[in-house]
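Novice: Here is the input, now give the coordinates:
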Amino acid sequence: MSGHAADFVSRATARARLPLDYSVASLRIVDRVVDGLRRTTDDPSAVSQALKGLGAYAGEVFVRRFGARWVDFDEETYRLFQQPVGVRSTDGRAWNPLGKVVNRFELGAAESVHELSSLFPGRVRTSPLMGCAGGRVR
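Specialist: Numbers count the residues shown, from 1 in each chain. The predicted model follows:
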C-alpha cells in the first residue's frame, strides 16, 4: 500500500498540484478532494480508484507520522471494515483509512479523515505555548 500511496501522490501532484506531503494537516486536503468527488457523482464505483488512492495516502500518513504499519485484515476485521487492508497502530488497534475515505464520500462532512487522525495513538498535540516549558502536550 505504501507504493500505491506513492503512485497516487505522484499522479495527484503532477495533475492537480495538490500539496500532499504526508503531513497530518494534508489530511484536510483528502477530505476536500473527496468532497469535490461527491459533487461530480454519487456513485462510489465511478471514483473508486481515486478513493482507494486517497485512502492509501491517508494510511501512509498514519504509518509515517504515528508508527503504524500496513496489515492485511483477517476475516473478522474484513467483515467489520469491508476492506482487505488497513493499518495497525502501535497499541495493536486496527484502523481503516480506506473505509474512512469511502465513508466521507458516502456520508459527507459527518466523516473526516483528518479528524480520524486526532484519535490516533501517538499523536502529539501542540499548544500555542510551543517553545515554552511544558508546551508539548501528549
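
Novice: could you pull out the helices for this structure?
Specialist: Secondary structure of the chain (DSSP state H): helices at 2-16, 27-40, 48-66, 75-81, 97-107, 113-119.

Novice: Give me the most central residue, this structure.
Specialist: A58 (2.3 Å; Cα atoms, centre = their mean).

Novice: returning to that earlier point: between the helices of the chain, which has the poorest mean confidence score?
Specialist: Lowest mean pLDDT within those: helix 2-16, a mean of 83.

Novice: May I have it exported as CSV, CA atoms only?
Specialist: Only the C-alpha atoms of helix 2-16 are listed here, as CSV (Å, rounded to 0.1, in the frame of the first residue of the first chain):
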residue,chain,number,x,y,z
SER,A,2,2.9,2.3,0.5
GLY,A,3,3.8,2.0,-3.2
HIS,A,4,0.1,2.6,-4.1
ALA,A,5,0.1,5.8,-2.0
ALA,A,6,3.4,7.0,-3.6
ASP,A,7,2.0,6.4,-7.1
PHE,A,8,-1.2,8.3,-6.2
VAL,A,9,0.7,11.2,-4.8
SER,A,10,2.9,11.3,-7.9
ARG,A,11,-0.1,11.4,-10.2
ALA,A,12,-2.1,13.8,-8.0
THR,A,13,0.6,16.3,-7.5
ALA,A,14,1.5,16.3,-11.2
ARG,A,15,-2.0,16.9,-12.4
ALA,A,16,-3.6,19.0,-9.7
